[in-house]
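Q: the sequence and its predicted three-dimensional model are supplied below.
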Amino acid sequence: MDPKLGRMASSLLALLLLLEGGMFSSSPPPPHSGLLERLFQHIDLHQDEFVQTLKEWVAIESDSIQPVPHFRQELFRMMTMAADKLRGLGARVDSVDLGSQQLPDGQSLPIPPILLAELGNDPRKPTVCFYGHLDVQPAQQEDGWRTDPYTLTEVDGKLYGRGATDNKGPVLAWIHAVRAFGDLEQDLPVNIKFILEGMEEAGSVALEELVEREKDRFFSSVDYIVISDNLWISQKKPALTYGTRGNSYFMVEVKCRDQDFHSGTFGGILNEPMADLVALLGSLVDSSGHILVPGIYDQVSPLTEEEKRLYEAIDLDLEEYRNNSQVEKFLFDTKEEILMHLWRYPSLSIHGIEGAFDEAGAKTVIPGRVTGKFSIRLVPHMNVSVVEKQVTQHLEAIFSKRNSSNQMAVSMPIGLHPWIANINDTQYLAAKRAIRTVFGIEPDMIQDGSTIPIAKIFQDIIQKSVMMLPLGAVDDGEHSQNEKINRWNYIEGIKLFAAFFLEIAKLH
């Protein structure tokens with residue numbers, strides 16, 4: 001589609017939605033309707049400028065995964081550019097120095113600063129804090145990108161580029177929504193705060209400590225926290241996310257000795273570590289996906305009738321979802337069963353074996369030491385410590401039955417609790433109203449099967465309402481080749497944030 005036609009279609013859609021919402025009807029207009037109309041028109045008129053800014057941000061190779069000086073320099077450049085953009089709004093910006101990161105190979109690299117910005121401190125207004133990150137996953141065109149990953153390229157209304165949807169596009173949408181009020185010389189209906197980091201893809205190094213340190217300072221006046229770091233479950237229907245699964249990551253090592261063995265010399269006269277490990281991993285989950293660890297489901301919260309209705313209302317074409325996933329058959333046949341096993345039931349996945357021969361060709365080696373890696377995605381109200389104990393006891397029992405002379409050790413290097421929000425919180429109600437205003441429909445109420453630790457960190461430390469308000473479509477391809485955000489999602493997302501500011505001010 002020609003970009004100009006796309007912009008005309010976006011403007012026409014916005015006008016139709018305004019008409020549908022009654023802004024030009026003979027019935028009494030809703031509060032702020034005149035301002036909303038002007039905001040939406042302003043956003044439509046400036047959308048090419050907003051796309052250009054995203055292009056400038058995508059051009060910065062802010063890769064936090066590859067620990068090399070070049071990418072760290074790019075991360076610092078990205079944070080400086082974002083700080084300048086925030087100051088351009090009139091915000092007070094504090095760039096927090098986090099020191100350096102010690103890497104396993106002994107080298108040290110500086111950690112990019114975390115930006116804490118605030119605009120407005122009117123005690124009569126609610127204070128909304130937006131969290132986002134500006135680092136990205138690695139990307140090279142030879143990995144399968146159709147375009148240069150660091151050159152934002154528009155094709156048929158799709159803006160391709162690393163970070164376009166995860167998470168530079170949503171961060172800029174929030175900034176542009178704030179700016180729209182200033183451009184129209186309108187007072188912001190809320191106080192705004194930003195917390196932007198540059199190490200989310202690498203585990204949010206030092207973030208939790210900073211949140212804890214600032215809970216009685218920067219975060220003391222915050223009423224609501226908004227995160228836009230995930231996707232819809234549909235290509236066209238917006239969503240609100242109210243939960244994510246946690247994650248317990250396990251490593252189980254079986255050791256005979258540090259050296260490998262020749263199978264012609266030792267095969268048949270010893271307990272082979274790989275055979276022990278395969279038996280251990282095979283005891284964890286059955287062919288239907290049911291976890292076999294005793295007691296693992298005891299803490300899972302029961303399904304309620306209200307929750308059932310939420311799943312029934314979600315717009316998901318199962319056949320399209322299966323085809324897009326390139327999977328011949330799922331374990332379950334209905335939309336509701338698929339979604340529940342993605343979101344509200346735990347799952348166990350086996351990820352790999354360290355120490356085993358995994359190259360092409362034949363090699364008759366017996367590994368002397370192997371380590372299996374698996375994880376359990378946790379759901380409310382599962383407890384990380386309880387799960388660790390259950391898994392360890394189960395593996396010890398299975399290993400004991402084998403009467404092996406090898407040594408087994410179980411560890412859990414990662415333990416992250418699930419996050420769940422109250423969908424009746426004020427900001428969820430405000431977001432629903434804003435979505436109806438901008439898109440003309442009710443959102444899908446969804447959870448996310450992955451783990452986004454920052455939501456739980458904010459909820460536990462600051463103890464304020466946390467909401468995930470995604471902008472990207474299900475096919476945006478975050479973390480993969482040809483990541484994109486649709487121009488329509490990006491521009492309508494700016495309008496959504498602007499409408500949300502007005503709605504949260506009315507409901508607070």
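A: Okay, I see it. Numbers count the residues shown, from 1 in each chain.
Q: CA atoms for contacts and neighbours, from now on please.
A: Will do.
Q: so Pro376, which state does it fall into?
A: If you look again at residue 376, you'll see it is Ile, not Pro. Classification of Ile376 using DSSP: H, G, I helix; E, B strand; the rest coil returns strand.
Q: who are the contact partners of the residue lying closest to it once chain neighbours are set aside?
A: Sequence neighbours aside, Leu348 is the residue nearest to Ile376 in space, at 4.4 Å (criterion: C-alpha to C-alpha, 6 or more residues apart in numbering). Residues touching Leu348, when contacts are defined by C-alpha atoms under 8 Å, 6 or more residues apart in numbering, comprise Leu284, Val285, Gly289, Ile291, Phe374, Ser375, Ile376, Arg377.
Q: pretty sure the first one contacts Ile291?
A: In other words, Leu284. Yes. In this structure, Leu284 sits in contact with Ile291. The criterion is C-alpha atoms under 8 Å, and the distance is 6.0 Å.
Q: before we move on, back to that, what separation do you get for the residue nearest to Ile376 and Gln390?
A: Here the distance between Leu348 and Gln390 works out to 13 Å (C-alpha to C-alpha, to the nearest Å).
Q: equivalent analysis for Met382, please.
A: Separation of Met382 from Gln390 (C-alpha to C-alpha) stands at 11 Å.
Q: which one's more surrounded, these two?
A: In terms of neighbours (other C-alpha atoms under 10 Å), Met382 is the more surrounded of Met382 and Gln390; the figures are 21 against 15.
Q: now the strands: where do they sit in the stretch 401-508 of the chain?
A: Using DSSP state E, counting those that start in this stretch, the strands of the stretch 401-508 of the chain run over 407-416, 419-420, 444-448, 465-468, 484-486.
Q: tell me what the first one is packed against?
A: Packed against strand 407-416 by the contact rule (3 or more C-alpha pairs under 8 Å, 6 or more residues apart in numbering; DSSP states H and E) you find strand 246-255, helix 384-401.
Q: before we move on, what about the shortest one?
A: Here strand 419-420 touches strand 239-244, going by 3+ C-alpha pairs under 8 Å, 6+ apart.
Q: before we move on, what about the last one?
A: Identification of packing neighbours for strand 484-486 by 3+ C-alpha pairs under 8 Å, 6+ apart yields strand 158-160.
Q: tell me which residues are up against the strand it packs on.
A: The list of residues contacting strand 158-160 from outside it, by C-alpha under 8 Å, 6+ apart, reads Thr147, Pro149, Thr151, Leu152, Thr153, Glu154, Asn482, Glu483, Lys484, Ile485, Asn486, Arg487.
Q: distance from the chain centre to the very next helix or strand once past that strand, please.
A: Once the chain leaves strand 158-160, the next helix or strand it forms, by DSSP states H and E, is helix 169-183. Between the centre of helix 169-183 and the centre of its host chain there is 21 Å, according to C-alpha atoms, centre = their mean, to the nearest Å.
Q: state the mean pLDDT of the next helix-or-strand element following helix 169-183.
A: Counting by DSSP H and E, the next helix or strand C-terminal to helix 169-183 is strand 191-197. Confidence for strand 191-197, expressed as mean pLDDT, is 98.
Q: quick one: contacts for Val285?
A: With contact taken as C-alpha under 8 Å, 6+ apart, Val285 is in contact with Ile291, Leu292, Val293, Leu348.
Q: do Pro67 as well
A: If a contact means C-alpha under 8 Å, 6+ apart, then Pro67 has Leu109 as its contacts.
Q: just say helix, strand or coil for it.
A: When classified by three-state DSSP, Pro67 comes out as coil.
Q: any idea how far Arg124 is from Pro189?
A: Counting by C-alpha to C-alpha, the gap from Arg124 to Pro189 is 10 Å.
Q: now swap in Ile441 and tell me
A: Distance, Ile441 to Pro189, using C-alpha to C-alpha: 24 Å.
Q: how about His417?
A: Taking C-alpha to C-alpha as the measure, His417 falls 34 Å from Pro189.
Q: which one's more surrounded, those two?
A: Neighbour tally, His417 and Pro189, criterion other C-alpha under 10 Å: the higher count belongs to His417, 24 against 21.
Q: and that one, its phi and psi?
A: Note on His417: backbone dihedrals following degrees, to the nearest 10 are phi -80, psi 150.
Q: so what pLDDT did it get?
A: 94.
Q: that one against Tyr249, yeah?
A: No. Here His417 does not reach Tyr249: they are 11.6 Å apart, not a contact under C-alpha under 8 Å.
Q: can you pull out the helices in the stretch 401-508 of the chain?
A: Counting by DSSP state H, counting those that start in this stretch, the stretch 401-508 of the chain has helices at residues 426-439, 453-461, 487-507.
Q: just these: most buried one?
A: A comparison of these by mean neighbour count, using mean count of other C-alpha atoms under 10 Å, puts helix 487-507 on top with a mean of 24.
Q: just after the least confident helix or strand in the chain by mean pLDDT, pick out the following helix or strand.
A: Among the helices and strands of the chain, helix 3-20 carries the lowest confidence by mean pLDDT, DSSP states H and E, at a mean of 47. Remark: after helix 3-20, the chain's next helix or strand is helix 33-45, criterion DSSP H and E.
Q: return the distance of that following helix from the chain's centre.
A: 30 Å.
Q: low-confidence stretches in this protein?
A: Within the chain, the segments meeting pLDDT under 70 span 1-32.
Q: domains of it?
A: Domains of the chain are assigned by automatic domain parsing as 3-244+418-507, 246-300+345-416.
Q: out of these, nearest to Asp333?
A: The closest of the domains of the chain to Asp333 is domain 246-300+345-416. By C-alpha to C-alpha, the value is 12.3 Å.
Q: quick one on the thing from earlier: mind putting the helices and strands packed on strand 407-416 in a markdown table, distance to Leu277 included?
A: Formatted as a markdown table, the helices and strands packed on strand 407-416 follow (distance: least, C-alpha to C-alpha, whole Å):
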| stretch | distance to Leu277 |
| --- | --- |
| strand 246-255 | 6 |
| helix 384-401 | 9 |
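Q: neighbours around Val190, how many?
A: Per other C-alpha under 10 Å, the neighbour tally for Val190 reads 25.
Q: just checking, it touches Val128?
A: Yes. Shown here, Val190 and Val128 form a contact pair, counting by C-alpha under 8 Å, at 6.9 Å.
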